[in-house]
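*Asks:* sequence first, then the predicted structure:
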Amino acid sequence: MAINSNSGLGGRMESFKGRPAGLFARAEVRVTAAYLFFGALWILLSDRVLYLAVSDPARQALLQTYKGWAYVAASAALFYLLLRAEMNMREATEERLRELNRTLEERVAARTAQLEETNKELEAFSCSVSHDLRAPLRAIEGFSRIIEEDYGPRLDDEGRRLTGLVRGNTLKMGRLIEDLLSFSKLARKELSMGTADMQALARAAWEETAPPGWAGTFELGELPPVRGDGALLRQVWLNLFSNAVKFTSRTPAPLVRVGAARRGGMVEYSVSDNGAGFEPARADKLFGIFQRLHSDAEFPGNGVGLSLVKRIAARHGGQVRCAGRPGGGAEFFFALPEAERDGAEF
């Protein structure tokens, strides 16, 4: 970070030391005013003294010449002193600004180091928690499966239902831990940047996501390429398509539409559907981790997919947004910086 200064002659001296930032805040105005003041004072006083002290016109003319040379010399000295004072003031101001820059940069570096250390600790904690939780979950799921397989005939309907609930919830918790681990790893994953063919990535992601025999309509528009990490951008498409498929599962004629538009140096991609939709007032919650607007009974999930989309877009210098209405479908957007339009990119 840098703080620029344009103080001094030919520029505006800011009120750095508490001076008013008005007309006399300009160095050239102060120098000119001082020059005119002392020049007028010199002419008035010197002429009065000369005519009072000398009555001979010839001597007055000679002394006027000497007085003119003295005026030029005095003006030059005064002008030098005024300029030197302005230069010293400017140099002092710039040195103070440089010191402020150094202090600010040191504080930013220290705060950045603290944030990096905190992030590392949080990542290590989430990895440790995820790893430590998976072992007991595997044990619970394994023992409940043994109970079902070996003791199933001895259980009544309620016992089998409760055992199934235990297994189902352990599996759900396992998926949640895996998603949490993925979310944590994303923060420290280095981006492998290159030209990403978004058309091919979206098509492949849809083929991977669409359920067998899906009876809906999928419309894929023209998608400009961008510069980014292809693997992560593929994950964005997978998450958005999975979301669309899930929330159109109860729609008689599901429709998923994909498009893109260039907007001010960005390419904004969109995935829209005609599914369950959501309340617009709650849209800001959709991209938060573990935030869900529907219950598991309506649509299963854990609230991580869209937060991954947001984080991946942010790591590419992009943004996300969404729009929708209950029963009227939803549309999700993610904008990424447009790739350079040259032969290497297009």
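*Replies:* That came through fine.

*Asks:* so where's the stretch 51-200 of the chain shaky on pLDDT?
*Replies:* For the stretch 51-200 of the chain, applying pLDDT under 70 flags the ranges 60, 126-127, 129-131, 179-180, 182-189.

*Asks:* could you pull out the strands in it for me?
*Replies:* Per DSSP state E, counting those that start in this stretch, the stretch 51-200 of the chain carries strands over the ranges 193-196.

*Asks:* those helices in the chain, which residues are they?
*Replies:* 27-53, 57-151, 157-188, 198-209, 230-247, 305-315 (DSSP state H).

*Asks:* can you list those in JSON lines and add mean neighbour count and distance to residue 259?
*Replies:* (Glycine included, C-beta is placed from N, CA and C.) Below are the helices of the chain laid out as JSON lines (neighbours: other C-beta atoms under 10 Å; distance: least, C-beta to C-beta, whole Å):
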{"stretch": "helix 27-53", "mean neighbour count": "13", "distance to residue 259": "57"}
{"stretch": "helix 57-151", "mean neighbour count": "13", "distance to residue 259": "35"}
{"stretch": "helix 157-188", "mean neighbour count": "15", "distance to residue 259": "26"}
{"stretch": "helix 198-209", "mean neighbour count": "18", "distance to residue 259": "10"}
{"stretch": "helix 230-247", "mean neighbour count": "21", "distance to residue 259": "12"}
{"stretch": "helix 305-315", "mean neighbour count": "20", "distance to residue 259": "16"}
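
*Asks:* show me the one of those that comes nearest residue 269.
*Replies:* Checking the helices of the chain against residue 269 by C-beta to C-beta gives helix 198-209 as the closest, at 6.8 Å.

*Asks:* tell me what that closest one is packed against?
*Replies:* Contacts defined by 3 or more C-beta pairs under 8 Å, 6 or more residues apart in numbering; DSSP states H and E place helix 198-209 against strand 217-220, helix 230-247, strand 255-263.

*Asks:* quick one: which of these is nearest residue 326?
*Replies:* helix 230-247 (11.4 Å).

*Asks:* and the angle from that closest one to helix 305-315?
*Replies:* Orientation check (axes from the mean of the first three to the mean of the last three C-alpha atoms, to 10 degrees): helix 230-247 against helix 305-315 gives 150 degrees.

*Asks:* what about helix 230-247, distance to the chain center?
*Replies:* Mean C-alpha position of helix 230-247 versus that of the full chain (C-alpha atoms, centre = their mean, to the nearest Å) differs by 22 Å.

*Asks:* same for it, what does it pack against?
*Replies:* For helix 230-247, the packing partners by 3+ C-beta pairs under 8 Å, 6+ apart are strand 193-196, helix 198-209, strand 255-263, strand 266-273, helix 305-315, strand 330-337.

*Asks:* so what are the sheet partners of the last one and their directions?
*Replies:* Think strand 330-337. strand 266-273 (antiparallel), strand 319-324 (antiparallel) (DSSP bridges).

*Asks:* one more: the shortest one?
*Replies:* Strand 193-196 has these partner strands in its sheet, going by DSSP bridges: strand 226-229 (antiparallel).
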